[in-house]
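Q: Provide a 3D model corresponding to the input given below.
(chains A, B, C and D)
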2 protein chains.
Amino acid sequence: MNSQDVILGMLMKQSRSGYEIKQVLEELFAYFYQSSYGTIYPTLGKMEKEQLITKENVLQEGKPNKNVYTITERGREQFNVYMNSPVENDSYKSDFLMRLFFGEYVGYDKVISWLKQAREQLQRNIERLSETFAQERERLHPAKIICIQMGLKGYQANLETIEEGLALMEQLEQGKRD
Amino acid sequence: MNSQDVILGMLMKQSRSGYEIKQVLEELFAYFYQSSYGTIYPTLGKMEKEQLITKENVLQEGKPNKNVYTITERGREQFNVYMNSPVENDSYKSDFLMRLFFGEYVGYDKVISWLKQAREQLQRNIERLSETFAQERERLHPAKIICIQMGLKGYQANLETIEEGLALMEQLEQGKRD
DNA sequence: CGTGTCATGTAAGGAGTTACATGATTTG
DNA sequence: CAAATCATGTAACTCCTTACATGACACG
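A: Take a look at the predicted model:
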């Protein structure tokens, strides 16, 4: 899976500009894929050259023009190749867990501050993800529902573990003061 | 967080060779950090030049020699700088979830095969991670226990969601055949 | 005698991030 | 009038991955 595969998938149903692709990526894919303009725009250019997509300049009122990209037949074939290729291993990189792993080298207060920070972030993520899908829930393809459930249940499990950990750490921090 | 920070942390308590570092990384860090020799050896070289670590060639019987690295005072300071820097955002990249998201473009059978594959992988991961920490559990620093709990509970939540999703998909697959 | 483990490294390449650069329009 | 939003792009850089290269010994 690379940025090209992702973009092809996003253009399967509707044509979009690079800016719009970024927005959707941030709204719906945030919990399992991240990207930046520095990747999206060059990739779109490359894909146009390879005739996987076509560009159309669209004039807008009150807004700058935009380049709207449409997937070609060749692009659809390419997307199909991706969808039938072996699934790559997940890659999870967490600075937060690294800190916890090395938590013995700092004070309890530091660990507690990391946990609180992670808790707040998770609460925001859960709120955002549930809201995004609350309305359209019933109309979605079952595989997409599973995908969203993976995100939500995963977040919730993490939140619970952090909540428990925080309770433990605060207890220890109290005990230390006596 | 980069490979240098991780290596410094791993040398805080004991000196190790590049090969040993890789082994520990695979055994204990697999669920939140991955690395390769292509990163480890050049990083060790760089760190030695910067006097964050020192190298010692150790002769072994029946095995090739190894280069054992020891953290210096300067290295400890550097590690401290890392531990007091702002925590970076997690980065999770999942080809598996991407496939599910685009599941509407393939048949139910394909989705089911992805889910089964993910289930098997998760079962293996859970088994490995629980075994690794089953024995030494009580002696660990609380922060490290939370770190491991994050891994285990996260895996378990994912497994449950996949199990539910698989049941749903298999039901739909049956319904389709009538 | 072949496969696996121990052990260290290099070189080329890929993929993506960050920062920079620009500019119009809208909203408060 | 300032800040946010819409919109596109480039260039330098960092970091890591993959593949290659080597070699001794152990185990079955």
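
Q: Just give the number of residues close to the residue found closest to A:Leu11 once you drop the neighbours it is linked to in the chain.
A: Distance criterion Cβ to Cβ, 6 or more residues apart in numbering or on different chains; nearest residue to A:Leu11, sequence neighbours excluded, is A:Ile71 at 4.1 Å. To be clear about C-beta, it is placed using only N, CA and C from the backbone, and glycine gets the same treatment. By other Cβ atoms under 10 Å in any protein chain shown, 23 other residues sit near A:Ile71.

Q: Check A:Ala167 too.
A: For A:Ala167, using other Cβ under 10 Å, the count is 11.

Q: neighbours around A:Thr72, how many?
A: 17.

Q: Please report how far it lies from A:Ser113.
A: Taking Cβ to Cβ, to the nearest Å as the measure, A:Thr72 falls 51 Å from A:Ser113.

Q: Then A:Asn65?
A: In terms of Cβ to Cβ, A:Asn65 sits 46 Å off from A:Ser113.

Q: Which of the two has more residues huddled nearby?
A: Using other Cβ under 10 Å, the more surrounded residue of A:Asn65 and A:Ser113 is A:Ser113, with 13 against 10.

Q: What helix or strand is the more buried one located in?
A: helix A:108-134 (DSSP states H and E).

Q: which helices and strands sit right next to the helix or strand following that helix?
A: As assigned by DSSP H and E, the chain's next helix or strand after helix A:108-134 is helix A:142-177. Using 3 or more Cβ pairs under 8 Å, 6 or more residues apart in numbering or on different chains; DSSP states H and E, the elements in contact with helix A:142-177 are helix A:108-134, helix B:95-101, helix B:108-134, helix B:142-177.

Q: Run the angle between the helix holding A:Ser113 and helix A:142-177 for me.
A: 160 degrees (axes from the mean of the first three to the mean of the last three Cα atoms, to 10 degrees).

Q: Check which residues of helix A:108-134 are buried.
A: A:108, A:111-112, A:114-115, A:118-119, A:121-122, A:125-126, A:129, A:133 (16 or more other Cβ atoms under 10 Å in any protein chain shown).

Q: and it, average pLDDT?
A: In this model, helix A:108-134 has a mean pLDDT of 94.

Q: Okay, and the beta partners of A:Lys55?
A: Assessed by DSSP bridges, A:Lys55 has beta-bridge partners A:Tyr69.

Q: I'd say it and A:Lys49 touch.
A: No. Assessed by Cβ atoms under 8 Å, A:Lys55 is found out of contact with A:Lys49, at 10.4 Å.

Q: Surely A:Gln60 is in contact with A:Lys66?
A: Yes. Between A:Gln60 and A:Lys66 there is a contact at 6.5 Å, judged by Cβ under 8 Å.

Q: Between those two, point out the one with more neighbours.
A: A:Lys66 (16 against 8).

Q: and the gap between the residue lying closest to that one once chain neighbours are set aside and A:Asn65?
A: Spatial nearest neighbour of A:Lys66, excluding adjacent residues (Cβ to Cβ, 6+ apart): A:Ser17 at 4.2 Å. To A:Asn65, A:Ser17 is 9 Å away according to Cβ to Cβ.

Q: Mutual contacts of these two, please.
A: A:Val58 (Cβ atoms under 8 Å, 6 or more residues apart in numbering or on different chains).
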